[in-house]
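In: what follows is a predicted protein model with its sequence.
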Number of protein chains: 2
Amino acid sequence: MRIGEMAKRAGVSTRALRYYEQQGLIDARRGANGYRDYDEADLPLVTEIRSLLASGFTLEDARPFVDCLRMGNHSGDACPESVAVYRRKLAELDKQIGTLTARRADVAAQLAGACPNCVLDRRGLT
Amino acid sequence: MRIGEMAKRAGVSTRALRYYEQQGLIDARRGANGYRDYDEADLPLVTEIRSLLASGFTLEDARPFVDCLRMGNHSGDACPESVAVYRRKLAELDKQIGTLTARRADVAAQLAGACPNCVLDRRGLT
DNA sequence: CTTGACCTTGTCACCGGCGTCAACGTTTAA
DNA sequence: TTAAACGTTGACGCCGGTGACAAGGTCAAG
């Protein structure tokens, strides 16, 4: 199928598909006219990418998942490289959550100090 | 004082000081030679900006704090506009923390599904 | 007079994942 | 035959806070 159809079916823009190709994630054969010719099997790859991006992963993160699917696996995370990404991401998230939580406490303390009447911190209250 | 001294005393780069001026946060008088001439009173303003940036606020967020200090207040958050920024930021942080926490749960679940032996989720354990 | 340490403005680069044009070739239906 | 609807590559813009460099002006010390 051509890029337009693939885009429609995957729910992405053609721009995105070209970008993924440029990043070496999704490759399409070329017709005699230079048009990209996508395989049916590429659809789940694109879907996997979108799903990961929506979950906060980067395109680089998605690479092992796509490779894993292309190797014939039923699921993109059936490979150790993908699992490693999960773990790295988990650690990243924990770190970020920790940072933001500490920051939240700081801001709340500042707010309490600056505006004593502003006891709007809903935490610990019912 | 000139920009170099101000930068040194505030612990920022001259580039940053020029950028703050460009954004309308810190204004300096100009000498006959065109050199910026900072006032002693500008030092705490710069310090306030750095402190806020370090806490995850943007330069835009810092604006009311700086204005507040320039109006003669002892503290940058002694003005309602600054307090409003605190509150907005607090809400932002809560939202971000919520998003990341949900995402973390997703990733942990995926990890658990992809790698049953990988029960490394340290939460809930001692 | 010259060197070197300061100052000035202006501009590109970064990071990520595209959106959005431009300028052009191809296919397809009327 | 022609116009619409597709396809191609290439390049700029965005967002924020600088870093780094260019090409120049200024000023104090030796």
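Out: Ah, there it is.

In: who touches A:Phe16 in this structure?
Out: Careful, residue A:16 is Ala and not Phe. In this structure, A:Ala16 makes contact with A:Ala7, judged by CB atoms under 8 Å, 6 or more residues apart in numbering or on different chains. (C-beta placed from N, C-alpha, C; glycine too.)

In: mind checking the SS state of the residue most central in space within chain A?
Out: Chain A has A:Leu53 as the residue nearest its centroid, 1.8 Å off, counting by CA atoms, centre = their mean. Under the three-state scheme (DSSP: H, G, I helix; E, B strand; the rest coil), A:Leu53 adopts helix.

In: right, is the longest helix that chain A contains up against chain B?
Out: Ranked by residue count and defined by DSSP state H, the top helix of chain A is helix A:80-114. Yes: using CB under 8 Å from any CB of the partner chain, helix A:80-114 reaches chain B at A:82-83, A:86-87, A:89-90, A:93-94, A:96-97, A:100-101, A:103-104, A:106-108, A:110-111, A:113-114.

In: pick out the residue of chain A closest to DNA strand D.
Out: DNA strand D sits closest to A:Gly4 of chain A, with a gap of 2.4 Å, by CB to the nearest atom of the strand.

In: what helix or strand is that residue on?
Out: A:Gly4 is part of helix A:3-10, with elements assigned from DSSP states H and E.

In: just the C-alphas of the helix or strand just after that helix, formatted as CSV.
Out: Per DSSP H and E, the first helix or strand lying C-terminal to helix A:3-10 is helix A:14-22. Taking Å, rounded to 0.1, in the frame of the first residue of the first chain, the C-alpha atoms of helix A:14-22 are listed here in CSV:
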residue,chain,number,x,y,z
THR,A,14,2.4,10.9,6.2
ARG,A,15,5.0,13.2,7.7
ALA,A,16,5.3,11.0,10.7
LEU,A,17,5.8,7.9,8.5
ARG,A,18,8.5,9.6,6.6
TYR,A,19,10.2,10.6,9.8
TYR,A,20,10.1,7.1,11.2
GLU,A,21,11.7,5.9,8.0
GLN,A,22,14.4,8.6,8.2
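
In: which bits of chain A sit near chain B?
Out: Residues of chain A lying close to chain B (CB under 8 Å from any CB) are A:55-56, A:75, A:77-78, A:82-83, A:86-87, A:89-90, A:93-94, A:96-97, A:100-101, A:103-104, A:106-108, A:110-111, A:113-115, A:118, A:120.

In: just the buried ones from those residues?
Out: A:56, A:77-78, A:82-83, A:86-87, A:89-90, A:93-94, A:96-97, A:100, A:103-104, A:107-108, A:110-111, A:114-115 (16 or more other CB atoms under 10 Å in any protein chain shown).

In: from what I can see A:Val85 touches A:Cys68, true?
Out: No: A:Val85 lies out of contact with A:Cys68 (CB atoms under 8 Å); the separation is 10.2 Å.
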